[in-house]
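Q: Sharing a sequence plus its predicted fold:
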Amino acid sequence: MNETLSKQIDAFIEENRERILWDMTRLVGVPSVESAPEEDAPFGPGPRKALDMALTIARELDLETEDLDHKIGYAYIGEKNAPYLATICHVDVVPVGEGWNSDPWTLTEREGYLIGRGIVDDKGPAVITLYALKFLKEQGGALRYPVRAILGANEESGMEDVKHYNKVEQPPLFCFSPDAEFPLINGEKGIVHGKMRSLCKMEKIIDIKGGAAYNAVPDKAEVWVQAAHAPGREGMEVEEERPGVWHITAHGIGGHAAHPEGTVSAIGLLEDYLLENNLVSEKEAEYLRFVVKVPHAPDGSLLGVEADDGLFSPLTVVSGMIFTEEDHMVQTLDFRFPTNTSVEKIRGILEKKAAGVAVIELEDGKAPFYKDPNEKELAACMAAFREVTGSKEKPFTIGGGTYARSFPNAVGFGPEYIGRERPDFVGPIHGANEAGNFEEMLESLKVYILALMNLEELEF
Ligand SMILES: [Zn+2]
């Protein structure tokens, strides 16, 4: 990077740091958890107010703005209707939950960290992208491509914001989303959810349940079963609730479906217990022997659906829930899969394996996306990141789903750092005491400014 430009950006950041902090404070100060729709507030009044606030901040920075039916909006520089570059952040947040040491809606500073719901995910980055546009505008030169900072209001609960955007706007030439991690996310596995419904009706099992979501390994599962006796087992609660009816609770180690390693499925523990102690009928056992293959092999190998393409980590599958529906047992599926398999292929294999035992219902799912890290847009982003931080880290792929897959040409690009040491009072995104380092956020501003300038140089 040329010295003069580097100094210019540093000076811009110094000049604006108090104002950036104040804008982050105002945006975090708007509780923006989704709630029931109201007139002119399609995701509830909170996300609407946060979108208004973000667009107000943009106008104060001398940027043009557009509000697309209060679902999503954008600030922009350059011509409005020409092929453009974009960033995308969101101003809605997840509920605050328990365990906060300060008011989640009041941005608080401690030892260089800013604490508040949404400061990292994704209100802080949203403000940062507006300042990146402000810098480019103040530079004054003609832009080869206009730049938009897109601001969504429904990322956390359904992404209806970006679906709407794609209905009413042309997609960007290239877009990066500061709603992820540095250095850069160049691929996301495919995701598909499904159910395995028992063909047999329940006989000895009266009720069975565990888990609350497709995408989490459950830490608790329980069953009520008719039996003369059920033996005790360490780590499980086994009690005769009434004569001949036993209530058994298993405890595992929960975790996210994208990272089953290190988790222990409570559903698997419970099924092992029922099978080993012959507490179920032969038909029920047949079903349980089939579905327990999921917790026994999160790589899908016992179901015959394992896959590894060398680009992503191998396929994973977890059962997030088990429950009953009209006297049948239902165990759920959450697959994260690489590029050398597909929903159709997984469905075909499962249906064969389940024949006579279970009905397989798989949703349509989302295909994986993978971008070569050598593509010019990705290289432009990485060059900016390396120049500013000196880091030698490489782009990586993930098992989750982000905004990036909503556009034909997009990636996740910062601003979080995986695995950096943090003080104990720093909480994670989606958790209590969500916090981010202010100097790192300012550094990310420099990265984003440079990345956009690099992208301006490219031929699309
Ligand atoms: Zn987010």
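A: Perfect, thanks for sending it.

Q: How about the residue of the stretch 351-460 of the chain found nearest the ion, nearest residue that isn't a chain neighbour?
A: Closest contact between the stretch 351-460 of the chain and the ion, by C-beta to the ion, is at residue 429 (6.9 Å). (Glycine included, C-beta is placed from N, CA and C.) Ranked by C-beta to C-beta, 6 or more residues apart in numbering and with sequence neighbours excluded, the top spatial neighbour of residue 429 is residue 121, at 3.9 Å.

Q: Give me the pLDDT for residue 1.
A: Here, the pLDDT recorded for residue 1 equals 67.

Q: ignore the last one, residue 399
A: At residue 399, the model reports a pLDDT of 85.

Q: Next up, the contacts around the residue nearest to it when sequence neighbours are not counted.
A: Among residues not flanking residue 399 along the chain, residue 258 sits closest, at 3.2 Å (C-beta to C-beta, 6+ apart). Residues near residue 258 by C-beta atoms under 8 Å, 6 or more residues apart in numbering: 189, 215, 316, 336, 398, 399, 400.

Q: Show me what the fifth one is bridged to.
A: In this structure, residue 398 has beta-bridge partners residue 188, where bridges are defined by DSSP bridges.

Q: Enumerate the residues of the stretch 1-150 of the chain near the ion.
A: Within the stretch 1-150 of the chain, the positions near the ion by C-beta under 5 Å from the ion are 121, 122.

Q: Could you check which helix or strand contains residue 5?
A: helix 3-28 (DSSP states H and E).

Q: Against which helices or strands is that helix packed?
A: helix 45-60, helix 124-139, helix 438-456 (3 or more C-beta pairs under 8 Å, 6 or more residues apart in numbering; DSSP states H and E).

Q: Just the pLDDT at residue 366, thanks.
A: pLDDT, residue 366: 88.

Q: From residue 141, how far off is it?
A: From residue 366 over to residue 141 the distance is 39 Å, taken as C-beta to C-beta, to the nearest Å.

Q: The two - which one has more neighbours?
A: Each of residue 366 and residue 141 had its neighbours counted (other C-beta atoms under 10 Å), and the higher figure belongs to residue 366 (15 against 9).

Q: was I right about the more buried one contacting residue 192?
A: Yes - Residue 366 is within contact range of residue 192, at 7.3 Å (criterion: C-beta atoms under 8 Å).

Q: Tell me the strands beside the helix or strand of the chain with the lowest mean pLDDT, with direction?
A: Ranked by mean pLDDT, DSSP states H and E, the weakest helix or strand in the chain is strand 255-256, scoring a mean of 83. Sheet pairing for strand 255-256, assigned by DSSP bridges, gives strand 216-217 (antiparallel).

Q: Quick check: chain neighbours aside, which residue is closest to residue 260?
A: Spatial nearest neighbour of residue 260, excluding adjacent residues (C-beta to C-beta, 6+ apart): residue 298 at 3.9 Å.

Q: pLDDT score for that neighbour?
A: Per-residue confidence (pLDDT) for residue 298: 96.

Q: the strands in the stretch 101-250 of the chain, which residues?
A: Using DSSP state E, counting those that start in this stretch, the strands of the stretch 101-250 of the chain run over 108-110, 113-115, 147-152, 174-177, 180-182, 185-188, 190-198, 205-210, 216-217, 220-226, 236-242, 245-251.

Q: just to revisit the earlier point, tell me the buried residues within the contacts of residue 258.
A: Buried subset of the contacts of residue 258 (neighbour count, 16 or more other C-beta atoms under 10 Å): 189, 215, 316, 336, 398, 399, 400.

Q: how about those residues, which pair is most distant?
A: Between all members of those, the longest pairwise span (C-beta to C-beta) is found for 215 and 398 and amounts to 13.3 Å.

Q: Look up how far residue 456 lies from residue 159.
A: 28 Å.

Q: can you list the weak-confidence ranges in the stretch 351-460 of the chain?
A: The model of the stretch 351-460 of the chain has no residue with pLDDT under 70.

Q: Which residues of it lie near the ion?
A: Contact residues, the stretch 351-460 of the chain versus the ion (C-beta under 5 Å from the ion): none.

Q: quick one, helices of the stretch 351-460 of the chain?
A: Remark: helices assigned in the stretch 351-460 of the chain by DSSP state H, counting those that start in this stretch are 376-389, 438-456.

Q: Can you point out the buried residues in the first one?
A: For helix 376-389, a neighbour-count test (16+ other C-beta under 10 Å) marks 377, 378, 379, 380, 381, 382, 384, 385, 387, 388, 389 as buried.

Q: I'd like the domain boundaries of this structure, if you could list them.
A: Per the record, the chain has its domains at 3-188+369-456, 190-362, by automatic domain parsing.

Q: Close to the ion: what parts of the stretch 151-300 of the chain are there?
A: residue 179.

Q: residue in the stretch 151-300 of the chain nearest to the ion?
A: For the stretch 151-300 of the chain, C-beta to the ion, closest residue to the ion: residue 179, 4.1 Å.

Q: Export the helices of the stretch 351-460 of the chain as CSV, with columns for distance to residue 31.
A: Converted to CSV, the helices of the stretch 351-460 of the chain look like this (distance: least, C-beta to C-beta, whole Å):
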stretch, distance to residue 31
helix 376-389, 32
helix 438-456, 21
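
Q: hang on, the earlier thing: pretty sure the residue of the stretch 351-460 of the chain closest to the ion sits against residue 400.
A: No - with contact defined as C-beta under 8 Å, residue 429 does not count as touching residue 400 (11.9 Å).

Q: Cheers, nothing more for now.
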